[in-house]
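Chemist: any chance you can model this:
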Amino acid sequence: MAKTKSKMPKERVSAGRVALLCWENIANGESFNSFSINKTVLKRNRTDRSKFTGQVMSLNGLTKNDLVNLKQAITEMTDRVTGLKDLEECEAE
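Modeler: Purely as a prediction, here's the structure:
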């Protein structure tokens, strides 16, 4: 049986165990990009508790507009969490 070649991402950016991938697609003769987010989750091996196995979780089919919305949501959540932490530190003083 012939081995099929896997499609490789056009671009990949990683931070820690999270990766953002850009895929080039062609449909109806037109080229477009789609994006996916992958996160590797380590789980302890059930039979040998000293070993871990990596499991990849994926969110696929994202558009450029989805990335813009995610960036906004991440910025807002970071601001909220950072703001809460700063407020807690001020109250503790």
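Chemist: for the most centrally placed residue in the chain, phi and psi?
Modeler: Per C-alpha atoms, centre = their mean, the C-alpha nearest to the average position across the chain is that of Ile37, at 3.0 Å. Here is the backbone geometry of Ile37 (degrees, to the nearest 10): phi -120, psi 130.
Chemist: which stretches of the protein form helices?
Modeler: 64-92 (DSSP state H).
Chemist: tell me which helix or strand in it has the weakest average pLDDT.
Modeler: For the chain, the helix or strand with the lowest mean confidence is helix 64-92, at a mean of 82 (criterion: mean pLDDT, DSSP states H and E).
Chemist: can you check the pLDDT for the residue nearest to the centre of the chain?
Modeler: As predicted, Ile37 sits at a pLDDT of 96.
Chemist: so what's it closest to, chain neighbours aside?
Modeler: Leu59 (4.6 Å; C-beta to C-beta, 6 or more residues apart in numbering). Glycine gets a C-beta too; all of them are placed from N, C-alpha and C.
Chemist: that neighbour reaches Ser36, doesn't it?
Modeler: Yes. Counting by C-beta atoms under 8 Å, Leu59 touches Ser36, with 6.3 Å between them.
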